[in-house]
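> Here's a sequence, model it:
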Amino acid sequence: MNLLLEIGAEEIPHSMLDAARDYLGEQFRAIVKMWSLGSPQIRVDATPRRLVVRAEGLLERQPDSEEYVTGPAISAPTIAVEGFAKKSGLSVQDLEQRGGKYAFKKIVKGKPTAEILGEHVPAVFRKFQSAKSMYWANKSERFVRPVRWVVALLDDQVVPLSVFGIPAGNQSSGHRKLGAARFPVTYENFESKLRENFVILSADERRKRIRAVPTKYKCDNDLLDTLVNLTEWPTPITGAFDPEFLDLPKEVLMMVMRHHQKYFAVETPDGNLKPQFVAVTNTDGDPDGLIQHGNERVLRARFNDARFFWDADQKRPLAERVLDLKNVTFQAKLGTYYDKTERMDELVLILLQYVTSLGKPVTQVDIAAAKGRYAFGADSPEFYAVRAARLSKADLTTELVKEFTELQGVIGGLYARAQGAPEEVATAIYDHYKPVSMEDSIPRTLAGAVLSVADKLDTLRGCFRVGLIPSGSKDPFALRRAAQGIVKVLVEGKLRLPIQTLCEGNMQLEEFLAERVKYYFREIRGFKYDEVNSVLVFGWDDLLDVEERLEAVRDVRPTENFEPLAASFKRIRNILKQSGFEGLGDALNAGLLESGPERELYEAFEVTRLACKVLPDYRSKLEQVATLRPKVDMFFDKILVNAPDPAVRQNRLTLLHHLLAEFSTIADFSEIVTNSPDISKETTK
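Residues are numbered from 1 along each chain as shown. Have a look, this model is predicted:
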């Protein structure tokens, strides 16, 4: 059987449409699975005015099933057993004995599919939760928007169900302005009937229709998805604006078009803006140009507003606006944005000192000296970061940022450039919110990268200090994004900053950042989870060092000796743990080493240890360590670690401890998952 289910509603907000569609698909598949209704081909679609499920190949009814009905215990009186059998319409001889009781097998007839859908589909919509759900009619039910019609057909029969009091039928509705208010549909003609009434059911087809416009525009995928979810019959329309507005920054013009009007900007081949835009209407065209002219008129007014804000803001330079930040709250417990700027000033200096001193510890004396060295008027990369930090939040007091909050930082950079600041300062301010996602780029300059880290690190340290720690899905200060941004900037910007040290001993913050480090190297960079775990055991203060060790482990892992050696290291760790070895500071007594495999392992260990000290990179060192594998294997095959002589036993454990400690500084090999047999309990050899 084929099912058509359509829930028609008032326009569903574009931001909620995908979630509603996905929820409906998940719930319907769950019903099919729970009630064993076959393996139908299921398709779920959504437009602003409808949610649609189509399922091809449903069973007509749920399959029959068997269940056992249990009765009295086998030890029960005969009269009780006879009564149970009679009540069940059976003789005592028909009963079985199961689990110490009398029982019989009962065939349970499967329910018709129509009945199952009638019982469970309405509950699916009642359970849907959204922050913007509405009450309507009798105000006893909530849904994302008021429901206006319901179509529910199994083949050509209406399924007896109702959703929010609206009974199902076979009458759908077309485009609000272009289509018929009601018309009958079947499973077979549903999509074509909608098309006749100016509704394109497929989101992919609506997307292609929007993109199929001769004018080459800058495709913004987020905006494209928004427009797909706003329209049932999308029609692109090209418009133009006065070229005089092109003297405004490109970023401002594009934000006006995208944010206020949901227009696509049009670019030249070299990336400059053309005085054109592409709007998407939910109509069948614009033969008289009325929609185009209306859009152009509105856009001109918006651009005039932007020009007014730009000109008004220029009357006060950013440097004069810094004190105004005392009136802008950052967070109640953390003070104003002026307070944040003060903290960022010093943090930038600290970070720069680490960068320029190649990771050496930084003292307050260093910071004091740096303040003089980077005084205004200097001309160095370090000065640019310090100057940018001072001005970075000043654009929060401008009218343009109040109008377009998404442009904070960007506006500051544009204003700094327009007001004669060095290009490096303007670029650092422009970029310092980057990256806003894992797909976004990092700041383009050293000054921008340092400022970005300082901004995010200050927010993290402050919020964790006052207990504003993310829990579950709640993260009002976007601390996960800030932490992830720090990791991305440090690794991809090649900055050797002691990020773990900079957590100032806050263990919760360290754990939080460690999770972001794991996520970045696993999910973004593609390293295996056990490789990441093995490397992070020995610290992650220097993320560039972490990256180098991970790359070495990944490169050497496929070689024949690596995983068997990793299994041996796991065995060594287990032996030391189970023996209760405490001689961590003991020196090895070479005189107690037995000739043969034990002494050969010791000599190979010494050769490898010395070689690793001069090898240039982690990969070479791991390759050298892997050559120990035959000696380690021979040692465990021939030598009894748990020797009867306590001195020999302690010396052998000391040898294993030295072996483990010396070569595990790159990675904890015991964390590597191998295909070797479980040898965790083999402690005697």
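> Tell me the buried residues in stretch 95-106?
Of the residues in stretch 95-106, 95, 101, 102, 103, 104 count as buried by neighbour count, 16 or more other C-beta atoms under 10 Å. In this view, the C-beta of every residue, glycine as well, is placed from N, C-alpha and C.
> What is the end-to-end distance of it?
11 Å (C-alpha to C-alpha, to the nearest Å).
> which residues touch that stretch?
Residues outside stretch 95-106 that contact it (C-beta atoms under 8 Å, 6 or more residues apart in numbering): 66-74, 76, 81, 84-85, 88, 90, 94.
> which of those count as buried?
71, 72, 81, 84, 85, 88.
> mind checking pLDDT for the fifth one?
Model confidence at residue 85, given as pLDDT, is 87.
> Find the nearest non-adjacent residue to it, please.
residue 92 (4.8 Å; C-beta to C-beta, 6 or more residues apart in numbering).
> hang on, the one you found packs against residue 81?
Yes: counting by C-beta atoms under 8 Å, residue 92 touches residue 81, with 5.8 Å between them.
> sec struct for the most centrally placed residue in the chain, please.
Note on the chain: the residue nearest the mean C-alpha position is residue 438, at 8.3 Å, using C-alpha atoms, centre = their mean. Under DSSP: H, G, I helix; E, B strand; the rest coil, residue 438 falls in the coil class.
> residue contacts, it?
Taking C-beta under 8 Å, 6+ apart, one finds 484, 488, 520, 524 in contact with residue 438.
> Tabulate the residues you listed (TSV), appending secondary structure.
Converted to TSV, the contacts of residue 438 look like this (three-state DSSP):
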residue	secondary structure
484	helix
488	helix
520	helix
524	helix
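> Drop the exposed ones from the residues you listed and show what's left.
484, 488, 520.
> Spatially nearest residue to the first one, not counting backbone neighbours?
In other words, residue 484. Nearest residue to residue 484, sequence neighbours excluded (C-beta to C-beta, 6+ apart): residue 516, at 5.0 Å.
> can you check the second one too?
The spatially closest residue to residue 488, leaving aside those adjacent along the chain, is residue 435, at 5.5 Å (C-beta to C-beta, 6+ apart).
> can you check the last one too?
If you skip the residues right next to it in sequence, residue 520 has residue 487 as its closest partner in space, 4.6 Å away by C-beta to C-beta, 6+ apart.
> Tally up the residues packed near the one you found, please.
By the criterion of other C-beta atoms under 10 Å, residue 487 has 24 neighbours.
> what residues does the helix or strand hosting it touch?
Using DSSP states H and E, residue 487 sits in helix 479-492. The contact list for helix 479-492 (C-beta under 8 Å, 6+ apart) reads 434-438, 442-443, 449, 452-453, 456-457, 459-460, 463, 468-470, 475, 495, 497, 499, 512-513, 516-517, 519-520, 524, 543-544, 547.
> Go again with 6 Å.
Under the contact criterion C-beta atoms under 6 Å, 6 or more residues apart in numbering, helix 479-492 has outside partners 435, 442, 449, 452-453, 456, 459-460, 463, 470, 497, 513, 516-517, 520, 543, 547.
> ok, residue 60 to residue 581 distance?
70 Å (C-beta to C-beta, to the nearest Å).
> Please say which of these two ends up with more neighbours.
Neighbour count, other C-beta under 10 Å: between residue 60 and residue 581, residue 581 has more, with 16 against 13.
> List the contacts of that one.
residue 653.
> in this protein, what secondary structure element scores lowest on mean pLDDT?
helix 364-373 (a mean of 62; mean pLDDT, DSSP states H and E).
> After that helix, which helix or strand is next?
As assigned by DSSP H and E, the chain's next helix or strand after helix 364-373 is helix 381-391.
> buried set for that next one?
382, 383, 384, 385, 386, 387, 388, 389, 390, 391.
> Model confidence for residue 683, exactly?
Residue 683 is given a pLDDT of 39.
> can you check residue 322 too?
pLDDT, residue 322: 95.
> roughly how far apart are residue 649 and residue 171?
For residue 649, the distance to residue 171 - C-beta to C-beta - is 87 Å.
> about what we covered before: count of neighbours near the residue nearest to residue 85?
Residue 92 has 12 neighbouring residues, counting by other C-beta under 10 Å.
> Might one say that it is in contact with residue 86?
No: contact criterion C-beta atoms under 6 Å: residue 92 and residue 86 do not qualify, at 9.0 Å.
> Return the distance of the helix or strand following the helix holding residue 487 from the chain's centre.
Heading C-terminal from helix 479-492, the first helix or strand you meet, by DSSP H and E, is helix 507-519. Relative to its chain's centre, helix 507-519 lies at 15 Å (C-alpha atoms, centre = their mean, to the nearest Å).
> Give me the contacts around helix 507-519.
Residues from elsewhere that reach helix 507-519, judged by C-beta under 6 Å, 6+ apart: 464, 483, 484, 487, 503, 532, 540.
> just to revisit the earlier point, is it possible to get JSON lines of the buried ones among the contacts of residue 438 that adds pLDDT and distance to residue 235?
Converted to JSON lines, the buried ones among the contacts of residue 438 look like this (pLDDT from 0 to 100; distance: C-beta to C-beta, whole Å):
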{"residue": "484", "pLDDT": "96", "distance to residue 235": "39"}
{"residue": "488", "pLDDT": "97", "distance to residue 235": "40"}
{"residue": "520", "pLDDT": "96", "distance to residue 235": "43"}
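> remind me which residues of the stretch 1-150 of the chain are low pLDDT?
In the prediction, the stretch 1-150 of the chain carries residues with pLDDT under 70 at positions 131, 137-139.
> hmm, try it at 80
129-133, 136-141 (pLDDT under 80).
> can you tell me which of the contacts of helix 479-492 are in helices?
Here DSSP state H is the test, and the contacts of helix 479-492 give 449, 452, 453, 456, 459, 460, 463, 513, 516, 517, 543, 547 as lying in helices.
> between the residues you listed, which is nearest residue 259?
residue 452 (23.4 Å; C-beta to C-beta).
> Just the mean pLDDT for the helix or strand hosting residue 237, thanks.
Using DSSP H and E, residue 237 falls within strand 235-240. The average pLDDT for strand 235-240 rounds to 94.
> again, but for stretch 541-559
Throughout stretch 541-559, pLDDT has a mean value of 91.
> Counting neighbours, which bits of stretch 184-204 end up buried?
185, 187, 190, 191, 193, 194, 197, 198, 199, 200, 201, 203.
> pLDDT of that stretch, averaged?
97.
> pLDDT weak spots in the stretch 301-450 of the chain?
356-382.
> Please disregard the earlier target; I meant the stretch 451-600 of the chain.
For the stretch 451-600 of the chain, the ranges with pLDDT under 80 are 472-473, 582-586.
> For the contacts of helix 507-519, work out which two are farthest apart.
Among the contacts of helix 507-519, 464 and 532 lie farthest apart (C-beta to C-beta), at 23.2 Å.
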